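[1] Quick check, what structure comes out for this input:
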Amino acid sequence: MSAIVGKVVAITGASSGIGEASARVLAAAGARVVIGARRTDRLESLAAAIEADGGEVRVRPLDVTSQAEVAAFAGFARQAFGRLDVMVNNAGVMPLSPLAALRVAEWDRMIDVNIKGVLYGIAAALPIMEEQGAGQIVNVSSIGGHHVSPTAAVYCATKFAVRAISDGLRQETDRIRVTVISPGTTTSELADSIGDPTAREAMEAFRAVTISPEAVAASLLYAIGQPDDVDVSEIVVRPTASPH
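    Model prediction:
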């Protein structure tokens, strides 16, 4: 896609899963990618692979629960490449549990990463894009942002919030494109954070059918590759055989 070539794309949560796949797919299409996550060893390995394939990439450690770090991440992207065309707010956690388990610290973690992390990404990117007069914010939600499942009440609430925030931003600007990607069950490490045994067992059955993170990355490629006057507001991508 010629519209991808040269675009500067910053991706949070890029050390694995959808974030990693998106960095590879977008870099292969000609984007200049800036990748951030806490696991810097994985970022460095990813960057080496992208560069070996001829892509352009920069690496910066990032914890999306810190507004200062997210702001610095966006600023780093602009400093490295002169602008910031796309901010992909992808970082997320999913430690599911029944509400009665009272795993409040995990609730707080999901709110901090899944909601506040997205808001911090918007706060970091929006002034840069408004100054440029153009840009795109891509927020990764989930099919959990469309319906609620047992053990997933708080997680789903965070993903509903991502969709609400995104649509509000879309309505408030006529220059910045806003896209929500809602993946179905995807092969990733996301479920590894589930400590509650009831939720872990339920998720094993739920994730019996998955798609690859590259399939989700392809939806980002499509949305980002549209002309500047075309805003792909929302994409739901799920396994063909998925009942959810």
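[2] For the rest of this, base every contact and every neighbour count on C-alpha atoms.
    Fine.
[3] From Val104, how far off is the residue most central in space within the chain?
    Nearest residue to the geometric centre of the chain (Cα atoms, centre = their mean): Asn90, 1.4 Å. As for Asn90, its distance to Val104 is 23 Å (criterion: Cα to Cα, to the nearest Å).
[4] Kindly report the same for Ala68.
    Taken as Cα to Cα, the span from Ala68 to Val104 is 25 Å.
[5] who has more neighbours, those two?
    Ala68 (13 against 10; other Cα atoms under 10 Å).
[6] If you count contacts, what does the helix or strand harbouring that one end up packed against?
    Assigned by DSSP states H and E, Ala68 falls within helix 67-81. Packing partners of helix 67-81 (3 or more Cα pairs under 8 Å, 6 or more residues apart in numbering; DSSP states H and E): strand 8-12, strand 32-37, strand 56-61, helix 117-132.
[7] just these: most buried one?
    Comparing the helices and strands packed on helix 67-81 by mean neighbour count (mean count of other Cα atoms under 10 Å), strand 8-12 comes out on top with a mean of 29.
[8] Downstream of that one, the next helix or strand is which one?
    helix 17-28.
[9] How about the contacts made by Gly184?
    Listed by Cα atoms under 8 Å, 6 or more residues apart in numbering, the contact set of Gly184 reads Ser142, Ile143, Thr210, Ile211, Val236, Val237, Arg238, Pro239, His244.
[10] Out of those residues, give me the one that has the most neighbours.
    Ser142 (25 neighbours).
[11] Three-state assignment for the residue nearest to that residue when sequence neighbours are not counted, please.
    Excluding the flanking residues, the one nearest Ser142 by Cα to Cα, 6 or more residues apart in numbering is Ser182, at 3.9 Å. Under DSSP: H, G, I helix; E, B strand; the rest coil, the three-state class of Ser182 is strand.
[12] Distance of Ser182 relative to Val34?
    22 Å.
[13] same thing with Glu130?
    When distance is defined by Cα to Cα, Glu130 is 20 Å away from Val34.
[14] How about Glu44?
    With Cα to Cα as the criterion, Glu44 and Val34 are 12 Å apart.
[15] Okay, now the unreliable bits of this protein?
    Across the chain, the ranges flagged by pLDDT under 70 are 1, 188-196, 198-208, 243-244.
[16] Does Pro239 touch Ser212 like I think?
    No - using Cα atoms under 8 Å, Pro239 is not in contact with Ser212; the gap is 9.1 Å.
[17] residues contacting the residue nearest to Ser142?
    Val140, Ser141, Ser142, Ile143, Gly145, Glu234, Ile235, Val236, Val237.
[18] Buried residues, the biggest helix by length in the chain. List them.
    Identified as the longest helix of the chain according to DSSP state H is helix 153-172. Buried residues in helix 153-172, counted by 16 or more other Cα atoms under 10 Å: 153-163, 165-167, 169-170.
[19] Those residues: which two are farthest apart?
    Using Cα to Cα, the buried residues of helix 153-172 span at most 25.7 Å, a distance reached by Ala153 and Arg170.
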